[in-house]
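A.B. asks: Test case, fold it:
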Amino acid sequence: MDYKSFSRAELEDMLAQEQKKFKKLVKAGRSVDMTRGRPSKAQLEIAMPMLAGAGAYDYAAEDVDARNYGALAGTKACRALFAEIFGVKPDEVITADGSSLDLMYTLVHFAVQFGVLGGTPWGKLKKVKFICPAPGYDRHFAVTQQFGIEMITVRMNEDGPDMDVIETLVREDDSIKGIWCVPKYSNPTGITFSDSVVERMATMKTAASDFRIFWDNAYIVHSLYDTDDQLKNIFDVARKAGTIDRIYSFASTSKITFAGSGVSAIAASEANIKDILRLMFYKCICPNKVNQVMHTNFLVNLAGVKRVMAQHAELLRPKFELFDKMFTEAFEGDEFVKWSKPRGGYFISVDVRKCAKRTVELAAKAGVKFTEAGATFPYKLDDMDSNIRIAPSVPTLEEMEFAIEVLISAIKQARIERILVKA
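C.D. replies: Model (predicted):
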């Protein structure tokens, strides 16, 4: 709807009607939390058979008994499972505890304090910068900010980050040491990087010899449909280009089995793996190998992972489809409101120019909480005040319907208010 075509009196009447409708939603006294991409209780139940069979698993099947110290890089079976997921060799994988975010933080910490493959520690340099495609994952930005690393915002396009800008930046500035990427079903836009973006990322010229791509493949197996987006294997490209040391890839079972109680993993070149293990030796004795045995017995292989993920998709897909249905009914043909239609992952991205903060503020009054507006940009600086990240996984369908009604009303109010202020 083109609100600008209406008179001030008409807009004020429309706003009053929307506010009246919104008051009813507020009076409902509901509470719906859509701030984080957490698995729902129903999703967590999917992995309960893993615990039921735990007593029968063979914890001494490998050279090192999983119940004892040893095997810093993880169990052989778990490394093999993640190698199949990543599309690399088991020797190029470390399996660890908890979430992959912990591994990302650790590798940034190692680089800052000790350097990368014998290079100068980043902490001893005058300036260290990271490229941060945006909108992106707020926790990535928080990690770099924690270490005092300067963040450079680069726009996300429909096929991935703007590679023309990135190639120019990394070619000319040796203080740029890394880039954050969620290459498949990206957080929050849901896009999957094109083959061209993957190829250019792996082969681009970098002024810094210790430049690293933090390839957070968190949603590598998280399709909502039988037909999965195909992400080109960046390791295959990097091997041919001789840039294999450039890649750190991450994944975990946090949204496959139990969030916070799963297995995380990093895939990297054998030289990187050796260097990481050298530093990890002083940090930890070994990961929770009992948990790794449980996971590999439950998931077995990539085919088994996909069977589990199909169950997750059955629970998640209706929520994503409900959102698209309701937004299409409310805003189809309206260029002001744009939203993503992801085929996987955990998020939906909504853009409402110059109205995001007010929209989130209004929604909260009706008990619906979203991630803070601006959080998907470095330093929380969304210059267009546009992006809102929607996390539909936790609410029930009925709660989702209520939350979307609230969001639609909040967007309409915020938009009319802004026009009236400008008029």
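A.B. asks: so who does D210 touch?
C.D. replies: 111, 115-117, 119-120, 177 (C-beta atoms under 8 Å, 6 or more residues apart in numbering). Quick note: C-beta positions are derived from backbone N, CA and C, even for glycine.
A.B. asks: before we move on, what about N272?
C.D. replies: By C-beta under 8 Å, 6+ apart, the neighbours of N272 are 117, 245, 248.
A.B. asks: quick one: the first one and S269 touch, right?
C.D. replies: To tie it back to what came earlier, the one meant is L117. No. Contact criterion C-beta atoms under 8 Å: L117 and S269 do not qualify, at 9.3 Å.
A.B. asks: Now N157: phi and psi?
C.D. replies: The main-chain torsion angles of N157 are listed as degrees, to the nearest 10 and equal phi -100, psi -180.
A.B. asks: What count of nearby residues applies to it?
C.D. replies: For N157, the neighbour count with other C-beta atoms under 10 Å is 16.
A.B. asks: Just the buried residues from the contacts of D210, in PyMOL please.
C.D. replies: In PyMOL, selecting the buried portion of the contacts of D210, with burial taken from 16 or more other C-beta atoms under 10 Å, looks like this:
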select buried, resi 111+115+116+177
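A.B. asks: Find the nearest non-adjacent residue to F331, please.
C.D. replies: Nearest-residue entry for F331: V337, 4.2 Å, with adjacent residues in sequence omitted and distances by C-beta to C-beta, 6 or more residues apart in numbering.
A.B. asks: and if you look at A54?
C.D. replies: Once flanking residues are discounted, A54 sits nearest to M294: 5.5 Å by C-beta to C-beta, 6+ apart.
A.B. asks: so that neighbour makes contact with A52?
C.D. replies: No. Between M294 and A52 there is no contact under C-beta under 8 Å: 10.5 Å.
A.B. asks: Could you check which of those two has the larger neighbour count?
C.D. replies: Neighbours were tallied for M294 and for A52 using other C-beta under 10 Å; the higher tally belongs to M294 (22 against 9).
A.B. asks: Give me the contacts around whatever helix or strand the more buried one lives in.
C.D. replies: When elements are assigned from DSSP states H and E, M294 belongs to helix 289-299. Applying C-beta under 8 Å, 6+ apart, the contact partners of helix 289-299 are 47, 49-51, 53-54, 57-59, 61, 64, 66-67, 71, 74-75, 77-78, 81, 95, 97, 253, 256-257, 261-263, 304-305, 308.
A.B. asks: Also stretch 31-48?
C.D. replies: When contacts are taken as C-beta under 8 Å, 6+ apart, the neighbours of stretch 31-48 outside the stretch itself are 187, 255-259, 298, 308, 311-312, 315-316, 346-347, 367-371, 390-395, 399-400, 402-403, 406.
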